[in-house]
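K.L.:
Fold the following, please.
(chains A and B)
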There are 2 protein chains.
Amino acid sequence: MKKGILIVLSGPSGAGKGTILAEAKKQGLEFALSISVTTRSPRGTEVDGINYFFKTHKQVEEMIKNDELLESKKVYDQIYGTSKKFVEDNLNKGIDVVLEIDTQGALEVKSKMPEAVLIFIVPKDLDTLHSRLVGRGTENEEQVAKRFGKAQGEIAQAIDYDYLLINDKIEQCAAQFINIIEAERLRTSREINKQIIASFN
Amino acid sequence: MKKGILIVLSGPSGAGKGTILAEAKKQGLEFALSISVTTRSPRGTEVDGINYFFKTHKQVEEMIKNDELLESKKVYDQIYGTSKKFVEDNLNKGIDVVLEIDTQGALEVKSKMPEAVLIFIVPKDLDTLHSRLVGRGTENEEQVAKRFGKAQGEIAQAIDYDYLLINDKIEQCAAQFINIIEAERLRTSREINKQIIASFN
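P.N.:
The predicted structure is shown next:
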């Protein structure tokens, strides 16, 4: 059974991560979008196992202690994390998994699973980044400036990723995302390819 | 100016390197196939600068001494090598370069130019490899067995390459070859992408 590939997709707010993943699906890419574990309460119509795996603080702290989370972070008083079991079950079934997480989480994942593919997505340029943040119209100048600075800080960390995607045209960007994954399948470091090489001797 | 990518393509005799490159060109890939430097004499209709760069032994030994060859090998009494200048001139003009060389040369290139992309191509399976060698009909059993053993030895070194291509269907294999190059353009290690990341700060 060919193992699935773990893909981490990061990028500043407004870069279009969700849009690109939806377009990639439309173009035929199949993958499981990782469902995070969280301590916060379900909102509105959220369902356990669909939007998040809703856990108690005690359960999540136990998971961290038992090294069951691939990565985790605190957001105010709540914890969010990625379950190792969720990722490994899918990969072992040959299903690629996409984690939409921040840079800190991405590097944590890479350190535990070096075969993970890290992809960072940015908007076309600085002006586009700014206008996406301003365009909301719901925040004051100071808030926009703060978000903008945060986004710039995140983009500076793209250098630690494997690939850079520029979201200029959605269809092209999604096609490149697919290209990356299909090329990664051919790496000699993938178990299936090591087996194929060995089969000739 | 976006720098070109250096691609090394290796594989046993009969794997279809030439066929795949021709099909990739048909599918729209543009690249310069590296022209080797050699000490042997031109044969038939061969032209200097087209089939090879024909040099004297003294000239090639001088090139080796001045570190002007990216890699070189002796075949009986003749020397074959890849000119650094040829490669760098093309890469600097934004043209991708493909080197069709053996595994020893490939590793030499990778040690001098770590950004080179190493691709190893194999036939579908062991039987296909054997039948491609037998199919010539011009050699005796012992010669075929010798070539077969040599091919197996080469394939074992595929593990040192970055990517493995299985030449089962030509169009698909060429498409994968193109995929690899297009994904490699997006690596954060490429200078152009480092500049794009920096442009956001």
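K.L.:
can you give me the end-to-end distance of stretch A:12-19?
P.N.:
Its start and end residues considered, stretch A:12-19 measures 13 Å (Cα to Cα, to the nearest Å).
K.L.:
next SSE after the worst-scoring helix or strand of chain A on mean pLDDT?
P.N.:
Lowest on mean pLDDT, DSSP states H and E among the helices and strands of chain A sits helix A:126-134, with a mean of 86. Downstream of helix A:126-134, the next assigned helix or strand under DSSP states H and E is helix A:141-156.
K.L.:
can you tell if that next one touches chain B?
P.N.:
Yes - judged by Cβ under 8 Å from any Cβ of the partner chain, helix A:141-156 and chain B are in contact via A:152, A:155-156. Heads up, the C-betas are built off the backbone N, CA and C, glycines and all.
K.L.:
May I have that helix as CSV, with CA atoms only?
P.N.:
Listed next in CSV are the C-alpha coordinates belonging to helix A:141-156 (Å, rounded to 0.1, in the frame of the first residue of the first chain):
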residue,chain,number,x,y,z
GLU,A,141,-6.2,51.7,10.8
GLU,A,142,-4.3,50.5,13.8
GLN,A,143,-5.8,47.0,13.7
VAL,A,144,-5.0,46.7,10.0
ALA,A,145,-1.4,47.9,10.5
LYS,A,146,-1.1,45.3,13.3
ARG,A,147,-2.4,42.4,11.1
PHE,A,148,-0.2,43.6,8.2
GLY,A,149,2.9,43.5,10.4
LYS,A,150,1.9,40.0,11.6
ALA,A,151,1.4,38.8,8.1
GLN,A,152,4.8,40.2,7.0
GLY,A,153,6.4,38.4,10.0
GLU,A,154,4.8,35.1,8.9
ILE,A,155,5.9,35.5,5.3
ALA,A,156,9.5,36.0,6.4
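K.L.:
Give me the angle between it and helix A:126-134.
P.N.:
130 degrees (axes from the mean of the first three to the mean of the last three Cα atoms, to 10 degrees).
K.L.:
What residues does residue A:44 make contact with?
P.N.:
Residues near residue A:44 by Cβ atoms under 8 Å, 6 or more residues apart in numbering or on different chains: none.
K.L.:
is it true that it lies in a helix?
P.N.:
No - according to DSSP: H, G, I helix; E, B strand; the rest coil, residue A:44 belongs to no helix; its state is coil.
K.L.:
returning to what we had before: counting neighbours, which of the residues of helix A:141-156 next to chain B comes out on top?
P.N.:
residue A:155 (27 neighbours; other Cβ atoms under 10 Å in any protein chain shown).
K.L.:
what residues are up against that one?
P.N.:
A:12, A:120, A:122, A:129, B:197, B:200-201.
K.L.:
and residue A:83, what are its bridge partners?
P.N.:
Residue A:83 has these beta-bridge partners by DSSP bridges: residue A:69.
K.L.:
of all the residues of helix A:141-156 next to chain B, which comes closest to residue B:65?
P.N.:
residue A:156 (44.2 Å; Cβ to Cβ).
K.L.:
which residues does the closest one contact?
P.N.:
Applying Cβ under 8 Å, 6+ apart to residue A:156 gives the contacts B:197, B:200-201.
K.L.:
could you pick out which of the residues you listed are near chain A?
P.N.:
For chain A, the contacts drawn from the contacts of residue A:156 by Cβ under 8 Å from any Cβ are B:197, B:200-201.
K.L.:
which ones among the residues you listed are found in helices?
P.N.:
residue B:197 (DSSP state H).
K.L.:
just the buried members of the ones next to chain A among the contacts of residue A:156?
P.N.:
Neighbour-count burial (16 or more other Cβ atoms under 10 Å in any protein chain shown) applied to those gives B:197, B:200.
K.L.:
got the ones next to chain A among the contacts of residue A:156 as a markdown table, with pLDDT columns?
P.N.:
Converted to a markdown table, the ones next to chain A among the contacts of residue A:156 look like this (pLDDT from 0 to 100):
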| residue | pLDDT |
| --- | --- |
| B:197 | 96 |
| B:200 | 93 |
| B:201 | 87 |
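K.L.:
excluding its backbone neighbours, what's nearest the residue in chain A that chain B sits nearest to?
P.N.:
Among all residues of chain A, residue A:183 sits closest to chain B, at 3.5 Å; criterion: Cβ to the nearest Cβ. Closest residue to residue A:183 apart from its sequence neighbours, by Cβ to Cβ, 6 or more residues apart in numbering or on different chains: residue B:183 at 3.5 Å.
K.L.:
go on, residue A:150?
P.N.:
That would be residue A:12: by Cβ to Cβ, 6+ apart, it lies 7.6 Å from residue A:150.
K.L.:
Does that neighbour belong to a helix, a strand or coil?
P.N.:
Put simply, residue A:12 is coil when judged by three-state DSSP.
K.L.:
Phi and psi next, for it.
P.N.:
Phi and psi for residue A:12, reported as degrees, to the nearest 10, are phi -70, psi 160.
K.L.:
hang on, isn't it packed against residue A:126?
P.N.:
No - using Cβ atoms under 8 Å, residue A:12 is not in contact with residue A:126, being 11.2 Å away.
K.L.:
Pick out whichever of the two has more residues nearby.
P.N.:
residue A:12 (26 against 16).
K.L.:
Show me the shaky parts of chain A.
P.N.:
For chain A, residues meeting the criterion pLDDT under 70 lie at A:136-138.
K.L.:
what does it have sitting close to chain B?
P.N.:
With Cβ under 8 Å from any Cβ as the criterion, chain A meets chain B at residues A:120, A:122, A:125-126, A:129, A:152, A:155-156, A:158-166, A:176, A:179-180, A:182-184, A:186-188, A:193-194, A:196-197, A:199-201.
K.L.:
looking at it, residue A:180 is touching residue B:187, isn't it?
P.N.:
No - here residue A:180 does not reach residue B:187: they are 9.3 Å apart, not a contact under Cβ under 8 Å.
K.L.:
tell me the centre residue of chain A?
P.N.:
Closest to where the C-alpha atoms of chain A average out (Cα atoms, centre = their mean) is residue A:100, at 2.4 Å.
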